[in-house]
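In: need the 3D shape of this:
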Amino acid sequence: MAWYALNVGYNIANKQVLNVFPCYATVAVAQLIVAWIWLLPQFALGLRPVPKPSEENMKALQKVSLLHGFGHLVTVLSMGLGAVSFVHVVKAAEPVFAAALSAIFLGVVSATPVYLSLLPVCAGVALASAGELSFTWACFGAAMMSNLLFAARAVFSKKAMSGGNQGENMDSANTFAVVTMLATIVTLPIAALLEGGKIIPAWKAAIAAPGMTEMKLATTLFMSGWYLYTYNEFAFKVLGLVTPVAQAVGNTVKRVVILIATAIAFGTPMTPIGIAGSSIAMVGVLVYSLVEQAYSKKK
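Out: Numbering: from 1, shown residues only. Next up is the predicted model:
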């Protein structure tokens, strides 16, 4: 439940910030910076072991951080350009990209039924897009780019974590910590280049919005970053304790919970076609996960 609550908290807080402060790259980088604020005191006080990746692992993680950083940038962009609920429907198609990239870069070719099980996901996303009242190609394109980048991140993360010497204290949680911190360094100059001159005017306009204050905006932005990091790290820990089937169900239910919660929070209207497409896509993701796991056990 905490995993779901943190995830919903991020999506709501993120959209609240973007609604008044549409500097998407700046918001994305600020959220990554929160990870530094959250992690450094823990490392300094010995509350968690300091990650010490090997030279080989660091080179691999640098590539992963590029994908993570750019993936986060376009994800925030997509959520700023459209309804959060719609973005999550589109992002349900991420397994399609993951399957393709795994075959290309890892040589992992699944059984035909596994690929066929992805068809309902594609059909559901297409149907939901057709029924989305606020559909824009920019939002759809950014969400699809997010799928591509995060699927690539997963593929290259697997390659990085299956290598030789990983270094010291490089469990999954600390690996994610290193990737997030490196991603901050990568994306910070990009945000400065794209929006450096817009930040102060946009911030002033944001705090002048009805019901908004500088403290409220800063707090909501900080909390969005904290939610982002903690729900991801929490997912690493929780999903490692459950069975693959429970993981598949949990991931699907999580996305449904986010879709419903954000639609209610922001009063996002959904057409019958949109609801049908969203339902097909979510069920399709669950079916794909279960079929993929069933065939992986036969290998």
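In: can you give me the strands in the chain?
Out: For the chain, the strands identified by DSSP state E occupy 52-53, 167-168, in order along the chain.
In: what packs against the last one?
Out: Spelled out, it's strand 167-168. If contacts are counted by 3 or more Cβ pairs under 8 Å, 6 or more residues apart in numbering; DSSP states H and E, strand 167-168 sits against strand 52-53. C-beta: built from backbone N, CA, C; applies to glycine.
In: quickly run through the sheet partners of the strand it packs on, with directions.
Out: Take DSSP bridges as the rule and strand 52-53 pairs in its sheet with strand 167-168 (antiparallel).
In: and for the partner strand, what's in contact with it?
Out: Residues external to strand 167-168 that are found in contact with it (Cβ atoms under 8 Å, 6 or more residues apart in numbering): P49, P51, K52, P53, S54, N57, M58.
In: ok, 6 Å please
Out: Under the contact criterion Cβ atoms under 6 Å, 6 or more residues apart in numbering, strand 167-168 has outside partners K52, P53, S54, N57.
In: follow-up on the earlier one: relative to S78, which of the strands of the chain is closest?
Out: Proximity to S78 (Cβ to Cβ) singles out strand 52-53 among the strands of the chain, at 30.6 Å.
In: lowest-pLDDT helix or strand in the protein?
Out: Least confident helix or strand of the chain, by mean pLDDT, DSSP states H and E, is helix 244-265 with a mean of 74.
In: quick one: low-confidence residue ranges for the stretch 151-299 of the chain.
Out: Counting by pLDDT under 70, the low-confidence segments of the stretch 151-299 of the chain come to 161-164, 236-251, 297-299.
In: which stretches of the stretch 151-299 of the chain form helices?
Out: Per DSSP state H, counting those that start in this stretch, the stretch 151-299 of the chain has helices spanning 172-195, 199-207, 214-239, 244-265, 272-298. These are given in chain order.
In: so how far is M79 from F266?
Out: Here the criterion is Cβ to Cβ, to the nearest Å. By it, F266 lies 11 Å from M79.
In: of those two, who's got more company?
Out: Using other Cβ atoms under 10 Å as the criterion, F266 and M79 rank with M79 on top: 27 against 15.
In: for the contacts of strand 167-168, which one is nearest V34?
Out: Among the contacts of strand 167-168, P53 lies closest to V34 (Cβ to Cβ), at 21.7 Å.
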